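[1] Any chance you can model this:
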Amino acid sequence: MRKSMIVAAALLGIFLLVMSCSGGGGTSGGSAQPKADDDDDNDAVDDDASPADDDASPADDDDDASPADDDDDDDACRPANCPSGCCNGTTCEPGTADAECGTGAAPCVNCGSGQHCENQQCVAACDASLCPIGCCNGTICEPGNKDAQCGTDGAACVACTDGHCEYQQCICVWDASLCPDGCYVNPCNCVDGTTDAECGTGGLGCVSCGQNQHCVNQQCVAACDADLCPTGCCNGTTCEPGTSDAQCGTGGAACVVCGDWQHCENQQCVAACDASLCQEGCCNGTNCELGTSDVQCGMGGAACVACTDGWVCENQQCICTCDPLCADGCCTCNSCLPGTSDAFCGSDGQWCVSCGPGQHCMNQQCVAACDADLCPTGCCNGTTCEAGDTSAYYGTGGAACTACNSSQTCQSGACVGAGARR
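    Numbering: from 1, shown residues only. Presented below is the predicted three-dimensional model:
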């Protein structure tokens, strides 16, 4: 009996030891935790039976059933991580492109021909990108070559009401019987054809009259008036600047030719006198005078002058007059002088003259001469003034030149050397 109790106590101890090693024992703090199975075959506890076994553990990375599995559906595209876009496989796209359109994590769709992605939905549409070679009838792309639906480049289709659609454009069809007294302007409107901008008749196309033209009797004709030539003058149907003497004027008035004694100034003909207007006479203000009178003497359009104090106008120039009673002397502007000085030399009532260099007035005539006045630094060889510094002609002060002998030389106006003269 006692032996049986001892055996039972031993078995209980072994059971408690096993429970303690497996973690199923007490929960008191500080107790040693059981060593996790590391799949080592030498472990006393079987790998497959260990609670920490990799294949059986709740934290097993490869267990598809585990909530913490790294390869679980957390990487997939689903409403939880793509609520406002669409799913392209496992990728969440914005869902706003034509090629990837959608929302709420639904699979992205590629909008078809004639559609755009709007508000993340594929809807029917028409614009230049969807209908580049036709026209848009609402959201429908039409060929654009029909009278009822004409156009191109994705623009809105138009109906050609008064013409035909040719080359995807509405072309007017003009009918002279419907517009016999006017002309057509696009889009096929019949107007009276009497304005410069819309001129014509007979049901033809209106034309715009060009520069210097007016629409007269429904035809564009050359013209000139204040409207066409506001800053110049009109030479017939030609607009001129209006600044020349031959074509002077402004405000579209007829050009005028300025008169003989006029110039065009500030586009007006005004009295004038200058060399171009008065080449043969002289100008007295704006009047051209003959220039031949003592009161108005001159030529070439210069200002006229008055000849006074014994001066007279001859050949359009003021000249001095000579006293006809001055028979024994010479004249200087109505004055009679003896005519014996070098400055006023002459006789018989002729004009006095001034004798030139190397001359004196002798017997009321200018003649060659040599003296101390005419040759102060040389010597006189007759009427010629020599330098006076050569052996042949030596001297100074206007005295008569002398010659040095063969043994002498002239120095400073004197002969020096053997036999020099004192």
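
[2] From now on I want contacts and neighbour counts done on CA atoms only, so please keep to that.
    Noted.

[3] count of neighbours near Gly146?
    Wrong residue type there; residue 146 is Lys, not Gly. A count of nearby residues for Lys146, using other C-alpha atoms under 10 Å, gives 20.

[4] Could you double-check that it sits in contact with Cys165?
    Yes: counting by C-alpha atoms under 8 Å, Lys146 does reach Cys165; the two are 5.8 Å apart.

[5] for this protein, what spans make up the helices?
    2-21 (DSSP state H).

[6] Run a quick neighbour tally on Asn186.
    12.

[7] which residues touch Cys234?
    By C-alpha atoms under 8 Å, 6 or more residues apart in numbering, Cys234 lies in contact with Cys224, Asp225, Glu240, Gly252, Ala253, Ala254, Cys255.

[8] Against Thr238, how distant is the closest residue to Ala392 other than its chain neighbours?
    Sequence neighbours aside, Ala403 is the residue nearest to Ala392 in space, at 4.5 Å (criterion: C-alpha to C-alpha, 6 or more residues apart in numbering). Ala403 sits 92 Å away from Thr238 when distances are taken as C-alpha to C-alpha, to the nearest Å.

[9] And the residue lying closest to Gly154 once chain neighbours are set aside, what's its pLDDT?
    What sits nearest to Gly154 in space, not counting adjacent residues and going by C-alpha to C-alpha, 6+ apart, is Ala128, at 3.9 Å. Ala128 carries a pLDDT score of 90 in this model.

[10] if I look at Trp261, how far off is Thr292?
    19 Å.

[11] ok, the two, which is more surrounded?
    Taking other C-alpha under 10 Å, Trp261 and Thr292 do not tie; Thr292 has more neighbours (20 against 17).

[12] Next up, the contacts around the more buried one.
    Gly281, Gly298, Cys313, Glu314, Asn315, Gln316, Gln317.

[13] Same list (these) but as JSON lines, adding neighbour count.
    As requested, these are exported to JSON lines (neighbours: other C-alpha atoms under 10 Å):
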{"residue": "Gly281", "neighbour count": "25"}
{"residue": "Gly298", "neighbour count": "27"}
{"residue": "Cys313", "neighbour count": "22"}
{"residue": "Glu314", "neighbour count": "16"}
{"residue": "Asn315", "neighbour count": "13"}
{"residue": "Gln316", "neighbour count": "22"}
{"residue": "Gln317", "neighbour count": "20"}
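
[14] In strands, which of these appear?
    Cys313, Glu314, Gln317 (DSSP state E).

[15] Tell me who's in contact with the second one.
    What it means is Glu314. Thr292.

[16] in the sheet, who's paired with it?
    Gln317 (DSSP bridges).

[17] how much space between it and Cys206?
    For Glu314 relative to Cys206 (C-alpha to C-alpha), the value is 74 Å.

[18] swap in the last one?
    Between Gln317 and Cys206 the distance, using C-alpha to C-alpha, works out to 71 Å.

[19] Name the nearest residue to Gly202, ignoring sequence neighbours.
    Among residues not flanking Gly202 along the chain, Pro180 sits closest, at 4.6 Å (C-alpha to C-alpha, 6+ apart).

[20] Could you chop this protein up by domain?
    Domain segmentation of the chain under automatic domain parsing yields 77-124, 135-172, 282-320, 322-369, 370-422.

[21] Mind telling me which of the ones you listed the model trusts least?
    Across those, domain 370-422 gives the lowest mean pLDDT, at a mean of 80.

[22] just how off-centre is that domain within its chain?
    83 Å (C-alpha atoms, centre = their mean, to the nearest Å).

[23] And for stretch 206-217?
    33 Å.

[24] Let the chain start at 29 from now.
    Sounds good: first residue 29 from here, last item stretch 234-245.

[25] Residues contacting it, please?
    If you take C-alpha under 8 Å, 6+ apart as the criterion, stretch 234-245 is touched by 211-213, 221-228, 248-252, 256, 265-267.

[26] give me every residue that touches the residue nearest to Gly182.
    Asp181, Gly182, Ala183.

[27] contacting residues for the second one?
    Taking C-alpha under 8 Å, 6+ apart as the definition of contact, the neighbours of Gly182 are Cys154, Asp155, Ala156, Ser157, Leu158, Cys159, Pro160, Ile161, Gly162, Cys163, Cys164, Cys169.

[28] Would you show me how to pick out the buried ones of these in PyMOL?
    The buried subset of the contacts of Gly182, as determined by 16 or more other C-alpha atoms under 10 Å, is captured in PyMOL by this line:
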select buried, resi 154+155+156+158+159+160+161+162+163+164+169
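
[29] and the closest residue to Cys262 other than its chain neighbours, how many neighbours?
    For Cys262, ignoring the flanking residues on the chain, the nearest one in space by C-alpha to C-alpha, 6+ apart is Ala282 at 4.6 Å. Using other C-alpha under 10 Å, Ala282 has 22 neighbouring residues.

[30] Glu293 too?
    Counted with other C-alpha under 10 Å, Glu293 comes out at 16.

[31] re earlier: how close does the residue nearest to Cys262 sit to Asp273?
    Taking C-alpha to C-alpha as the measure, Ala282 falls 13 Å from Asp273.
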